[in-house]
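Undergrad: Please work out how this folds:
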Amino acid sequence: MSTTVVAARATRDRVAWPHVLQLTAIEGRRYAVRASVWIGWAGTVTSATLEHPDWPGGSYENVLPLSFAMMILGVYIAGVRTGSRDAGSDLPPLAEEAAIDDGDRLAARLLGLAMPAALALLTSIGIAIVSHLEGGYWLGEVPRSTHSAQHTPLELLQPVLLVVLGGALGVVTGRAFRRPLLAIIAGAFAWFVLFLVYWIWNMPPMNVAVPAQIMPLRVDLHDVTAMRDLPPGWYVEYPTQYNAEYVRDLVHMPTIVFHTVYLVGLIMIVGAAAARAHRRSVRRAGLLLAIVGIVVQLAVSPY
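TA: Numbers count the residues shown, from 1 in each chain. A predicted model of the protein is given here:
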């Protein structure tokens, strides 16, 4: 292999960062004017402010992360439309000496997701502020109950990661499908399964692998016959027609931490396509994080 060929490949594998950052700013502005992003955001704000189910933990799980379902779908659709600009094009490829090539454009389209990610972060922080002002959420039942539960910082971060993951999947899927509508339909079906019927998946052991993991975990308390037998710091529900045992409402930090690790791994796997020369390394690192996230969640599970 000649020195010229090696040099050409090295140049091709090198990201043209000044140009990528310029294009990233353009892509961020494009995301900012996508109707689906703002419609999804409005749906999230509306969902977060609605009256939620009148049972322990109902508001806690519906406000975060479930209220972000609409925004995730909206950003996914925006990502598909963005990625579809690179699919099925009849234009000739850029010249070898062009500053921006296909890989750089993909990197910019993914980095442009910083705009909806920032919007999701501000929304999550706003929800946290409002919940503090209103006093918090209801977990458990008297005498083992609280009305002042608050989401942990990582629970506030997870919806942001879900928005980034949804947008990245949209960009990659939009590039893969010649017809954006097919990508949107496929993504909407997956969104329906994962979010609108979330209760099917949020049970052990599947709850460790679903993107939107809800808290509190509801842990059956076997052989418990009275509330007075339980520690004062626990939040517990009485037996109902749906559950013959006492149930502990548990916001489990180890599970939250490693589910966050799992989400970061998924984002790395999806975004590895833009890593060029380091694509395999990024994908392997993401896969490792995802596996570690799942395995440790299973290992520390309170169930």
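
Undergrad: Check the burial of Ser148 by counting its neighbours.
TA: When neighbours are defined as other C-beta atoms under 10 Å, Ser148 has 12 of them. Yep, even glycine has a C-beta here, placed from its N, CA and C like the rest.

Undergrad: Am I right that it is in a strand?
TA: Yes: secondary structure assignment places Ser148 in a strand (DSSP: H, G, I helix; E, B strand; the rest coil).

Undergrad: which residues does it contact?
TA: Under the criterion of C-beta atoms under 8 Å, 6 or more residues apart in numbering, the neighbours of Ser148 are 135-137.

Undergrad: By neighbours, which of the residues you listed wins?
TA: Among those, where neighbours are counted by other C-beta under 10 Å, the top count belongs to Tyr137, at 24 neighbours.

Undergrad: separation between that residue and Thr146?
TA: Spatial separation of Tyr137 from Thr146 under the definition C-beta to C-beta, to the nearest Å is 8 Å.

Undergrad: got the contacts of Ser148 as TSV, with distance to Gln241 columns?
TA: As requested, the contacts of Ser148 are arranged in TSV below (distance: C-beta to C-beta, whole Å):
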residue	distance to Gln241
Gly135	30
Gly136	28
Tyr137	24
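
Undergrad: Format those residues as TSV; extra columns: pLDDT and secondary structure.
TA: Rendered in TSV, the data for these read as follows (pLDDT from 0 to 100; DSSP: H, G, I helix; E, B strand; the rest coil):
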residue	pLDDT	secondary structure
Gly135	94	coil
Gly136	94	coil
Tyr137	95	strand
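
Undergrad: Give the buried residues for the biggest helix by length in the chain.
TA: Ranked by number of residues, the top helix in the chain under DSSP state H is helix 153-176. For helix 153-176, the buried set under the neighbour-count rule, 16 or more other C-beta atoms under 10 Å, comprises 155-175.

Undergrad: ok, now stretch 185-192?
TA: The neighbour-count criterion (16+ other C-beta under 10 Å) identifies 187, 190-191 as the buried residues of stretch 185-192.

Undergrad: So what's the gap between stretch 285-302 and the chain middle?
TA: 16 Å (C-alpha atoms, centre = their mean, to the nearest Å).

Undergrad: Understood, closing this out.
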